[in-house]
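Engineer: here you go, sequence then predicted model.
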Amino acid sequence: MKTLVKDCLKLGFGLMRLPRLDGTRNMASAIDIEETKRMVDAFIKAGGKYFDTAFIYQGSEEAAKEALVDRYPRDSFYLATKLNAASFCCQNEAEAKAELQKSLEKTGAGYIDFYLLHGIEAANLAQYDEYGLWDYLQEMKWEGLVKNAGFSFHDSPELLDELLSKHPEVDFVQLQINYTDWEDGTIQAKANYEVAEKHDARRGHGAGQGRRAGESAEAGGGGLQGS
């Protein structure tokens, strides 16, 4: 069994829906950095270490720098962020691959502990394949800019099974795991979790507790927000 996130709560801090200075939920509004700092401090004090953001979360990576990276030793937390190949983020392969450097600059983290291809589903998979982003993540691991490479997922258990079979090199997958959606026929949380668990067990990491299941699962209503 290999546990990728050690010595901390089995709960992540989602940096997608941060408090806003105007009190709204408008993602374009300025983030309340001081309140975010208090939240980060409380989370770390409680034993948390895993923080989740993304290139497309407006202002989030910068907030991670101010509230977390600039205030805590780099080896005291895990930082996850994501590469999005959608047309509203990039227009070609070079722009997609440039997202990592931009994320490193915005977070000031030096390296990314968990780097993900963002929101994989049937509708966008071809873009990630066409741009060679699966191989790119492995190249960034070899360069030391990424410690663990994976993807977040929003589709069927059949597609997840196909991807994990095709890409055994990935270290983890982040799923939509929410108690209220466990048996939901659209999200298929339980079925997707069981697929991840199956692949994890095949690799000898212990069902439900290693690379693909368990610790890296997303909980939309608390935990890792927004995969």
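Structural biologist: Nice, I can see it.
Engineer: just the terminal-to-terminal distance for stretch 178-196.
Structural biologist: Using CA to CA, to the nearest Å, the end-to-end distance of stretch 178-196 comes out at 15 Å.
Engineer: what's the mean pLDDT across that stretch?
Structural biologist: Here stretch 178-196 scores 91 as its mean pLDDT.
Engineer: give the buried residues for that stretch.
Structural biologist: By neighbour count on 16 or more other CB atoms under 10 Å, the buried set for stretch 178-196 is 178, 181, 187-189, 191-196. Where C-beta positions appear, they are placed from N, C-alpha and C, glycine not excepted.
Engineer: of all pairs in those, which one is the farthest apart?
Structural biologist: Farthest pair in the buried residues of stretch 178-196 (CB to CB) is Asn178 and Val195. Separation: 16.9 Å.
Engineer: now the strands for this structure?
Structural biologist: Under the criterion DSSP state E, strands of the chain are mapped to 13-14, 50-52, 78-83, 112-120, 146-153, 172-174.
Engineer: redo the ones you listed as a markdown table? Include distance to Gln127 and mean neighbour count.
Structural biologist: As requested, those are exported to a markdown table (distance: least, CB to CB, whole Å; neighbours: other CB atoms under 10 Å):
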| stretch | distance to Gln127 | mean neighbour count |
| --- | --- | --- |
| strand 13-14 | 25 | 26 |
| strand 50-52 | 22 | 27 |
| strand 78-83 | 11 | 26 |
| strand 112-120 | 10 | 25 |
| strand 146-153 | 13 | 23 |
| strand 172-174 | 18 | 27 |
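Engineer: could these go into a markdown table alongside distance to Cys89 and mean pLDDT?
Structural biologist: Below are those laid out as a markdown table (distance: least, CB to CB, whole Å; pLDDT from 0 to 100):
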| stretch | distance to Cys89 | mean pLDDT |
| --- | --- | --- |
| strand 13-14 | 19 | 94 |
| strand 50-52 | 18 | 96 |
| strand 78-83 | 8 | 97 |
| strand 112-120 | 9 | 97 |
| strand 146-153 | 14 | 96 |
| strand 172-174 | 18 | 93 |
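Engineer: save the ones you listed as a markdown table, and put in distance to Leu137 too.
Structural biologist: Formatted as a markdown table, those follow (distance: least, CB to CB, whole Å):
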| stretch | distance to Leu137 |
| --- | --- |
| strand 13-14 | 22 |
| strand 50-52 | 17 |
| strand 78-83 | 8 |
| strand 112-120 | 6 |
| strand 146-153 | 4 |
| strand 172-174 | 11 |
